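Novice: following is a predicted model, sequence given first.
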Amino acid sequence: MIKSLAKLKAYNRHIRNRDFIHALALVPDKEWTTTSKRRWMCARLGIYKPLLEAGWNGRNTRSGVAYAQALSAYGRVDECQAILRQLNSKQNISRYLSELIREFAKYNAHLSIQLIERTPEKKQIFYYHALKYAYLSQTINEDQSIETYHNTDDIQVFLEKNCAKNPDLFLLRSNLIQEPDQKLQLLNQYQSFFNLPQYQLVNLQEPLSSLNLSLTKPVYHNPLSTLESNKHKVSILTTMFNAQQFIASTLHSLLNQSWSNLEVILIDDASTDDSLSIAEKIAKKDKRLKIVKQSANQGTYIAKTKGLEHATGEFLICHDADDWAHPLKIEHQVMPLLLDACLQGTTSDWIKIDEHGNYFTRSLYPYIRKNPSSLMFRRRAIEKLNLDAKDQPLWQPVRTGADSELYERFKLVFGASTTYHVKKPLTIGAHHSSSLMNADKTGTKNLSARISRLTYWEQWRREHIDMVRRGLL
């Protein structure tokens, strides 16, 4: 219970502003599940364990919605479906359907589709149709048997009607066809929506993928990045472990940016394939590529911390070794920081594509998502980000998920308004089986790996709340 009137006013203000971190910081942990609103805030922040421990008494609908989300995230699908049957009898459940459908799509897409199918057609919003067709397209791609589905004509009508206003439908449409030239055409229509240059296939005989793309015209060089004063240099930290298939394409996409005043700090995390030799050949031709070698594999975030020691740029950004950077990415992210001294960071979006030219996102739809590793920030921000100890690493030394923690900490330290989000797909990520998000040991399809990710997520959320309580944030 919040006894102070001032704290109560602050608590309500934080809720109105959807600042749930600061709201929960005003409440003891043991009271996080005492009201339906607090349970809902926990669900929004991905703090699921208190919800699972508290359970649900079958009364308040919002509490049941939060509990169902926690069950879904932790893979307790049968229990989740039982809760949904109880929720379905609640008169006000329609208020929460979109939320449930969106959250279930992350881990148990079939639950989302079940809820959509139970919704009367006249109440189905655009997102429901898009999500349902994205699920269908994914199933088609897995089965490679589009002929088995009888409603593909309905899909085409929906896509043709809505593509002009909803660009991600170009990507959904692409997932329903096989021909590389048609896929490329749809990708370029998608690019045009964001006023981005057009692509072409490097090899016409190969499928559309992140490894088979280039611009139709050479990229220009921004005049600000060619000044002899060497101001406004951008340091790009890229960690690499056994990335021989992707690393040449990735490095060329970074070194061929329109913003030429940059350096790429490539940290080899003890690769055992040909990744290092490929990178060394590229480094001989472009001195802006610096290679740092680690004798033992320690994970991407410890490697990033090591690379940070070698960075000399005014601005810092990370980029994954298997992702292709649009040639305008660095320019589009650095220019807002040059134009507005109050800004501390920028982020951008990405889309993920597999080796067959099909787009993917864990949440099914839309395909465009904020790139968790796209945070670009001023070098001078580092000291403020290290809150508890000046010598602590910028990225927490874990195997997965530290990019999200850093971004959320960044917003808490500087304020959300000091980070500008570039709403353009400036990275094309490779969706493949060996990535951290998809690998057997670390991917979200592995339930134990998913729970480890969720546990870490909740851990740093609690750390942030504790920092707010101690006045560090």
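Specialist: Cool, got the structure.

Novice: element containing residue 154?
Specialist: Using DSSP states H and E, residue 154 maps to helix 152-162.

Novice: taking the mean pLDDT, what do you get for whichever helix or strand comes after that helix?
Specialist: Next in sequence after helix 152-162, counting helices and strands by DSSP H and E, comes helix 168-174. Average pLDDT, helix 168-174: 95.

Novice: thinking again about what came up before, counting by contacts, list what the helix holding residue 154 packs against.
Specialist: Secondary-structure packing of helix 152-162 (3 or more C-beta pairs under 8 Å, 6 or more residues apart in numbering; DSSP states H and E): helix 126-143, helix 168-174. Heads up, the C-betas are built off the backbone N, CA and C, glycines and all.

Novice: what's the shortest one in contact with?
Specialist: Taking C-beta atoms under 8 Å, 6 or more residues apart in numbering as the criterion, the residues outside helix 168-174 that touch it are 130, 133-134, 137, 156, 159, 162-163, 182-183, 186-187, 189-190, 193, 351, 357-359, 365-368.

Novice: ok so, going back, reformat the helices and strands packed on helix 152-162 as TSV; add distance to residue 340 and mean neighbour count.
Specialist: TSV is the format used below for the helices and strands packed on helix 152-162 (distance: least, C-beta to C-beta, whole Å; neighbours: other C-beta atoms under 10 Å):
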stretch	distance to residue 340	mean neighbour count
helix 126-143	33	18
helix 168-174	29	24
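
Novice: so where do the strands sit in the stretch 101-250 of the chain?
Specialist: Here the stretch 101-250 of the chain has its strands, by DSSP state E, counting those that start in this stretch, at 199-201, 213-215, 234-240.

Novice: go through stretch 456-463 and flag the buried ones.
Specialist: Buried residues in stretch 456-463, counted by 16 or more other C-beta atoms under 10 Å: 456, 457, 458, 460, 461.

Novice: tell me which helix or strand the third one sits in.
Specialist: Mapping residue 458 onto the secondary structure by DSSP H and E places it in helix 447-469.

Novice: for residue 44, give its distance to residue 209.
Specialist: With distances taken as C-beta to C-beta, to the nearest Å, residue 44 is found 35 Å from residue 209.

Novice: quick one: which of those two has more around it?
Specialist: With neighbours defined as other C-beta atoms under 10 Å, residue 44 and residue 209 compare such that residue 209 has more, 24 against 14.

Novice: does the more buried one touch residue 353 like I think?
Specialist: Yes: here residue 209 reaches residue 353: they are 6.1 Å apart, a contact under C-beta atoms under 8 Å.

Novice: which SSE is residue 78 in?
Specialist: Here residue 78, judged by DSSP H and E, is contained in helix 77-87.

Novice: can I get the buried residues of stretch 456-463 in a markdown table with pLDDT?
Specialist: Listed next are the buried residues of stretch 456-463 as a markdown table, based on pLDDT from 0 to 100:
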| residue | pLDDT |
| --- | --- |
| 456 | 98 |
| 457 | 98 |
| 458 | 98 |
| 460 | 97 |
| 461 | 98 |
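
Novice: and these as CSV, adding distance to residue 234?
Specialist: Formatted as CSV, the buried residues of stretch 456-463 follow (distance: C-beta to C-beta, whole Å):
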residue, distance to residue 234
456, 29
457, 29
458, 33
460, 27
461, 30
